[in-house]
Each structure stands twice: as C-alpha cells, then as structure tokens.
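> this is a predicted model, with the sequence first.
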Amino acid sequence: MISGLLAMLAGSSWARAALRYGVTALAVLLFLLALRGSGEQAGRLAERLETTEKANDVQRQMLEAAARRPRDRNDLADRLRDGEF
C-alpha cells in the first residue's frame, strides 16, 4: 500500500516538485534550529567567561592586598606612626 502511494507520488511531476520543496524546507528548518542552539550555547559560554573573569579579578585584588599587608605587629605600628595606612 505504501509502496503504491510512493510510486504514484514519484510518477507525478508536481508531487516530485512538492517533495523537493518540502525536503528543502525541512533542511532549512533543521539548519535554523541548530544555529539557534549553537547561539544559545555561545551565549552561555560568554556569560561563564565573564563570571570567571570577575572572580579572577577579585582574587587578584585580594592577593595584591595580602602582599601589601603588614608582616607583624611592629610593622603595623610603624605604618600607623608614619601615616602610611
């Protein structure tokens, strides 16, 4: 039954044209859906990169502050006396 239907559609020129346009439209639709998915993934990756950069910047600032801290109580007292704090 299905083979007879396919044979009938394959024999008709308008059916072949409709089938060709249908397959082309399906291919374009699938391409656009894949493009949308990859765009969403790229957006998520960009957001993750931005978040990581912010976290790295904060960590760098903390490390710089730790490098500038007084080493002991005497160093702290000297800085307070000199007004460098």
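Okay, I see it.
> tell me the contacts of Gln59?
Contact partners of Gln59, counting by C-beta atoms under 8 Å, 6 or more residues apart in numbering, are absent. C-beta coordinates here come from the backbone N, C-alpha and C atoms, glycine included.
> tell me how many other residues crowd Leu33.
When neighbours are defined as other C-beta atoms under 10 Å, Leu33 has 10 of them.
> ah, wrong one, I meant Leu19
Applying other C-beta under 10 Å, we find 14 residues neighbouring Leu19.
> tell me the secondary structure for it?
Under the three-state scheme (DSSP: H, G, I helix; E, B strand; the rest coil), Leu19 adopts helix.
> any idea how far it lies from Gly39?
30 Å (C-beta to C-beta, to the nearest Å).
> same question for Glu47.
Using C-beta to C-beta, Glu47 is found at 13 Å from Gly39.
> same check on Lys54?
23 Å.
> before we move on, what about Arg20?
Using C-beta to C-beta, Arg20 is found at 29 Å from Gly39.
> for this protein, name the helix or strand with the lowest mean pLDDT.
When each helix and strand of the chain is scored by mean pLDDT, DSSP states H and E, helix 2-11 comes last, with a mean of 65.
> list phi and psi for Ala66.
Phi and psi for Ala66, reported as degrees, to the nearest 10, are phi -70, psi -30.
> list the residues that contact it.
Counted by C-beta under 8 Å, 6+ apart, Ala66 has zero contacts.
> count of neighbours near Gly22?
Gly22: 10 neighbours (other C-beta under 10 Å).
> ok, Pro70 next?
Neighbour number of Pro70 under other C-beta under 10 Å is 14.
> could you do Ala42 as well?
The burial count for Ala42: 10, using other C-beta under 10 Å.
> C-terminal to whichever strand or helix holds it, what's the next element?
Here Ala42 sits within helix 13-68, counting by DSSP states H and E. For helix 13-68, the following helix or strand on the C-terminal side (DSSP H and E) is helix 73-82.
> now that next one, how far from the chain's geometric center?
49 Å (C-alpha atoms, centre = their mean, to the nearest Å).
> many thanks, I have nothing further to ask.
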